[in-house]
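Asks: Predicted coordinates and the sequence they were generated for:
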Amino acid sequence: MSRRARFLIVLGIAVLVSVIYLWFFGFQTVIALGVRQLARKTPLVGMAPAQLTDLSISRSPGRKLSYFGYEFEVPWNDIDEAKSSIIADNKAMIAFQSGNSLSVWHGSPRAFVNSVLSNDKIDPSTLRRMYGDEALQSDYALYRTLLETTPDKFTPFISQTNAASRAILLIVKGTILPRGTESGIFAVNAGEFSGFQFGRPANPSGGLSVRLFSNISSLNFIFSQKAGGPTVISQPDINRILRTLHRAPSPVAADAKLSK
């Protein structure tokens, strides 16, 4: 067989293999390459929830607060009453004389899921087919599905459906991560709640929040640290709030006041 004939055979086989690869894996390959580019531009999408290593609880003198039917303790007793108030029927702002502040947001357990399902550009049946009923049962389940989706789960050899659905999850994930996430995402529990802590205390951005979900409610704690202030918010401080969070003995009105 001549050299030219062998070259043509090898070339033909290479073209055939390439066509077969592109037919079965071309779409997934394009998605995987796009995901790698997204991860370079937005490194946060590569983060997944980890376990907290510091589970200690602050024993500092503090105050018990009641909002939206729930009670919890803060490890600080310098509340600035004049600047603390219920801003809306679902938001409370607690200011401290140190310059730090804590805002508490209350919501339904399916607010995020309902907003996704109500989007006229998204077909609910398609979502359920792509992600399953479990991921759409609650905000916690959908958040967990989003946060556990990372670029390393994309390869050219997953199905086209999985590639498309995971790519959508990764894009949405990049839009919901709050300030402070660059220092870590952590799985947390607080009584009947499960959720996620976004950020470590004293991180460079100064942002830190904890989003919690139960079968009947959701809470979002947003901590604000005054730069150079006398009181530094620590992980044991946050753990104190989470560990003491529970339903109030009796219903608390929407216009609840700071406990005396």
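Replies: Cool, the structure landed. Quick caveat: nothing in here was measured; it's all calculated off a predicted structure. Numbering: from 1, shown residues only.
Asks: Could you pull out the helices in this structure for me?
Replies: Along the chain, the segments classed as helices by DSSP state H run 3-41, 111-117, 124-131, 139-147, 160-176, 235-244.
Asks: Against which helices or strands is the last one packed?
Replies: Counting by 3 or more Cβ pairs under 8 Å, 6 or more residues apart in numbering; DSSP states H and E, the packing neighbours recorded for helix 235-244 are strand 70-74, strand 185-190, strand 207-213, strand 218-224. From N, CA and C alone the C-beta is placed, and that goes for glycine too.
Asks: Now tabulate these in a markdown table and tack on mean neighbour count, distance to Ser115 and mean pLDDT.
Replies: Formatted as a markdown table, the helices and strands packed on helix 235-244 follow (neighbours: other Cβ atoms under 10 Å; distance: least, Cβ to Cβ, whole Å; pLDDT from 0 to 100):
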| stretch | mean neighbour count | distance to Ser115 | mean pLDDT |
| --- | --- | --- | --- |
| strand 70-74 | 20 | 23 | 95 |
| strand 185-190 | 18 | 21 | 95 |
| strand 207-213 | 23 | 14 | 93 |
| strand 218-224 | 20 | 13 | 94 |
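Asks: rewinding a little: and the helices of the chain, which one's lowest on average pLDDT?
Replies: When these are compared on mean pLDDT, helix 3-41 scores lowest, with a mean of 62.
Asks: just checking, Gly171 touches Leu38?
Replies: No, residue 171 isn't Gly; it's Ile. Yes: using Cβ atoms under 8 Å, Ile171 is in contact with Leu38, at 7.3 Å.
Asks: quick revisit: reformat the helices and strands packed on helix 235-244 as a markdown table; add distance to Arg200.
Replies: A markdown table is the format used below for those (distance: least, Cβ to Cβ, whole Å):
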| stretch | distance to Arg200 |
| --- | --- |
| strand 70-74 | 19 |
| strand 185-190 | 8 |
| strand 207-213 | 7 |
| strand 218-224 | 11 |
